[in-house]
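> Pasting the sequence and the predicted model now:
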Amino acid sequence: MIEWLAGFDPRTLLAGFAVLGVLLALPLELAALARLRRAQWLRGTFFLVLGGAMLLGATLAGFVAASLYGYGRLTHEQLAASATAQQLGERHYALTLALPDTPPRRFELRGDEWQIEARLLKWRGMGNLAGFDTVYRLERLAGRYSDLDMERSAPRSIHGLAERDAPDLWALVKRYHAWLPFADALYGSAAYVPLADGAAYRVSVSASGLIIRPTNEAAQRAVGAWR
């Protein structure tokens, strides 16, 4: 049974649980109303509470499923983004960031380096057995100064990368962690490399976090001379 469930995307599985919960709860609620009309208070209350519990569980499963659609499944190290830098001025760059299956986006950054951040959510126990992989979501892109004094006083540049339309799974798990036994760890990961004209990089993500690797000579020279 568990191996069969593991074949499903966790988002599909949770959505299925939500639909099943609603389908089971509605007859119970109708039965409860019928018994309460006939003054069968004990049975009516029992069916009412049971149906309400199923509806609550279905709502929670649906909420988590909707939230997971904002995250990518992570089963091994995989491509999260590719980036190319173009110098516009002194410590001023345009970074073109391309996520898989997403049109490239252009961001202006100030600094000597660029940094990308992500959120990761790992599952435990039955969550892993049911096929719930580690999931991630890219969160921020920022410019970074190598000099600490400049980092404190020079112009900063920070851009959001996450879609905000769906419910926030991170906030849900953080707030109700004690009631969600499948959730294991929530943590942030960040990586940064030098900015250089024409430098191209590949951003990968694994269960341990983000990794940035140079993919052309300009990036390799920048990383090789980095101090």
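Cool, got the structure. Residues are numbered from 1 along each chain as shown.

> Now do the domain split for this structure, please.
Domain assignment for the chain, taken from automatic domain parsing, gives 2-68, 73-224.

> Could I get the average pLDDT for stretch 211-226?
For stretch 211-226, mean pLDDT rounds to 93.

> Now the weakest link among the domains of the chain, please, by mean pLDDT.
Looking across these, the weakest by mean pLDDT turns out to be domain 2-68, at a mean of 68.

> And the strands in the chain, which stretches?
Remark: strands assigned in the chain by DSSP state E are 72-74, 78-89, 92-98, 105-110, 113-123, 134-144, 158-160, 183-194, 200-206, 209-214.

> Dump these into JSON lines; add distance to G52 and mean neighbour count as well.
Heads up, the C-betas are built off the backbone N, CA and C, glycines and all. Below are those laid out as JSON lines (distance: least, Cβ to Cβ, whole Å; neighbours: other Cβ atoms under 10 Å):
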{"stretch": "strand 72-74", "distance to G52": "32", "mean neighbour count": "17"}
{"stretch": "strand 78-89", "distance to G52": "41", "mean neighbour count": "17"}
{"stretch": "strand 92-98", "distance to G52": "46", "mean neighbour count": "18"}
{"stretch": "strand 105-110", "distance to G52": "45", "mean neighbour count": "16"}
{"stretch": "strand 113-123", "distance to G52": "27", "mean neighbour count": "21"}
{"stretch": "strand 134-144", "distance to G52": "30", "mean neighbour count": "21"}
{"stretch": "strand 158-160", "distance to G52": "38", "mean neighbour count": "13"}
{"stretch": "strand 183-194", "distance to G52": "24", "mean neighbour count": "17"}
{"stretch": "strand 200-206", "distance to G52": "40", "mean neighbour count": "19"}
{"stretch": "strand 209-214", "distance to G52": "41", "mean neighbour count": "17"}
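
> Turn those strands into CSV, columns for distance to L26.
Rendered in CSV, the data for the strands of the chain read as follows (distance: least, Cβ to Cβ, whole Å):
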stretch, distance to L26
strand 72-74, 31
strand 78-89, 41
strand 92-98, 45
strand 105-110, 44
strand 113-123, 30
strand 134-144, 31
strand 158-160, 40
strand 183-194, 29
strand 200-206, 41
strand 209-214, 44
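
> And those: which comes nearest A31?
Closest to A31 of those is strand 183-194 (Cβ to Cβ; 34.0 Å).

> hang on, the earlier thing: relative to W41, which of the strands of the chain is closest?
Proximity of those to W41 was assessed by Cβ to Cβ; the nearest stretch is strand 183-194, lying at 38.8 Å.

> Among the strands of the chain, which comes closest to A32?
By Cβ to Cβ (comparing all of the strands of the chain), the closest turns out to be strand 183-194, at 32.3 Å.

> Just confirm Y192 contacts W114, I think it does.
Yes. Here Y192 reaches W114: they are 6.4 Å apart, a contact under Cβ atoms under 8 Å.

> Pull up the overlap in contacts between these two.
Shared contacts of Y192 and W114 (Cβ atoms under 8 Å, 6 or more residues apart in numbering): R144.

> quick one: which of the strands of the chain is nearest A222?
Proximity to A222, assessed across these by Cβ to Cβ, is greatest for strand 183-194 (4.2 Å).
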